[in-house]
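S.K.: Prediction below, plus the sequence it came from.
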Amino acid sequence: MDQAPNRQFLDDIKSDITAALDWWREAGVDCDFLDEPREWIVPEEEQAEDGSRRPPRRRPQVVDEAPAAPTSIDPKLLPADLDAFRAWWMTETLLDDGGPTGRLMPEGEAGAELMIVVETPEGEDRERLLTGPQGRLLDAMLKAFGMRREDVYLASALPRPDPVPDWRAAASRGVGDALARHIALAAPKRLIVLGGNVLPLIGHESPQRAAVLRQFHHEGMTIPLLAGWGLAALLQNPRAKASIWRAWLEWTAP
């Protein structure tokens, strides 16, 4: 078979292609362009085993940091009724630093003739407030006052027994605001505070004498206040008991 026609055909095509390329080259176009960029060389650190580019890594998801836990009690968030406050009292972590024994619920009804606030429950307390020597002294004092424990609203400034409370830390955590709200919600006719560390929490100086008379002011409420040494100090100082008795007689005189 004669191969000349086929060879001539191929030579004609080659000549046409060469002429076309020469025309574009003379026109100043000597490169091929694409609308989309193409990556010819993939950096080694980004190559897959077959030489292609590895899929892009997912960007780490930004996780919102949890809000910082509050370090003090917000007075605006304190419960507004006594039952809710008592439930809050048993669970709020900012009220104390924890401890080996459980919390003790306040005792009594709102509007009592007398409210008594002590610093902390006794070490022996497990189910109710003041079940040890301090409680026996309190019962004797109430008997002398012509009252029974059932007649008063009994509470503590801290919710669980603590032999060495950090009162400065308690104040910074807002325990004083909680105590003031507690007293306001209990709304007693008279208030006795036993323990020199309690008065500063509610805006008074520590009593320098065994018993002093004051007024409790909070949220437009004014309650007559008798402040004295703590029950533990009274157990060790019989003369202080007499001072409390005299202050009571003065306080309740018609």
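M.R.: That came in fine, so what should we check first?

S.K.: did I read that right, residue 136 in a helix?
M.R.: Yes: according to DSSP: H, G, I helix; E, B strand; the rest coil, the state of residue 136 is that of a helix.

S.K.: Distance check, it against residue 192.
M.R.: Distance, residue 136 to residue 192, by CB to CB, to the nearest Å: 17 Å. Where you see a C-beta, it was placed from the backbone N, CA and C, and this is true even at glycine.

S.K.: These two: which has the busier surroundings?
M.R.: In this view residue 136 and residue 192 are compared by other CB atoms under 10 Å, and residue 192 has more residues nearby, 25 against 13.

S.K.: ok, now which ones touch that one?
M.R.: Applying CB atoms under 8 Å, 6 or more residues apart in numbering, we find residue 192 in contact with 114, 115, 116, 117, 225, 226, 227, 228.

S.K.: hmm, 10 Å instead?
M.R.: Shown in contact with residue 192 (CB atoms under 10 Å, 6 or more residues apart in numbering): 114-118, 138, 141-142, 145, 152, 211, 224-228, 244, 247-248, 251.

S.K.: Contacts only, for residue 202.
M.R.: Per CB under 10 Å, 6+ apart, neighbours of residue 202: 117, 157, 176-177, 179-180, 182-183, 191, 193, 214, 216-218, 225, 227.

S.K.: Can you tell me the closest non-neighbouring residue to it?
M.R.: The shortest distance from residue 202 to any non-neighbouring residue, by CB to CB, 6 or more residues apart in numbering, is to residue 180 (5.3 Å).

S.K.: how near is the one you found to residue 174?
M.R.: Residue 180 is 10 Å from residue 174, where distance means CB to CB.

S.K.: which neighbours do the two share?
M.R.: Counting by CB under 10 Å, 6+ apart, the residues touching both residue 180 and residue 174 are 75, 78, 201.

S.K.: Most neighbours out of those, which is it?
M.R.: Busiest of the shared contacts of residue 180 and residue 174 [other CB under 10 Å] is residue 201, holding 23 neighbours.

S.K.: so the residue nearest to that residue when sequence neighbours are not counted, which of the three states?
M.R.: Distances taken as CB to CB, 6+ apart place residue 176 nearest to residue 201, at 3.5 Å, with adjacent residues excluded. Here residue 176 is recorded as helix under three-state DSSP.

S.K.: returning to what we had before: out of the contacts of residue 202, which are inside helices?
M.R.: Using DSSP state H, the subset of these located in helices is 176, 177, 179, 180, 182, 183.

S.K.: What sits closest to the second one if chain neighbours are left out?
M.R.: Think residue 177. Distances taken as CB to CB, 6+ apart place residue 75 nearest to residue 177, at 4.5 Å, with adjacent residues excluded.

S.K.: on that earlier part again, adding distance to residue 86, pLDDT and neighbour count, write the ones in helices among the contacts of residue 202 out as JSON lines.
M.R.: Output for the ones in helices among the contacts of residue 202, formatted as JSON lines (distance: CB to CB, whole Å; pLDDT from 0 to 100; neighbours: other CB atoms under 10 Å):
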{"residue": "176", "distance to residue 86": "18", "pLDDT": "96", "neighbour count": "21"}
{"residue": "177", "distance to residue 86": "16", "pLDDT": "96", "neighbour count": "19"}
{"residue": "179", "distance to residue 86": "13", "pLDDT": "97", "neighbour count": "22"}
{"residue": "180", "distance to residue 86": "16", "pLDDT": "97", "neighbour count": "21"}
{"residue": "182", "distance to residue 86": "9", "pLDDT": "98", "neighbour count": "24"}
{"residue": "183", "distance to residue 86": "13", "pLDDT": "97", "neighbour count": "23"}
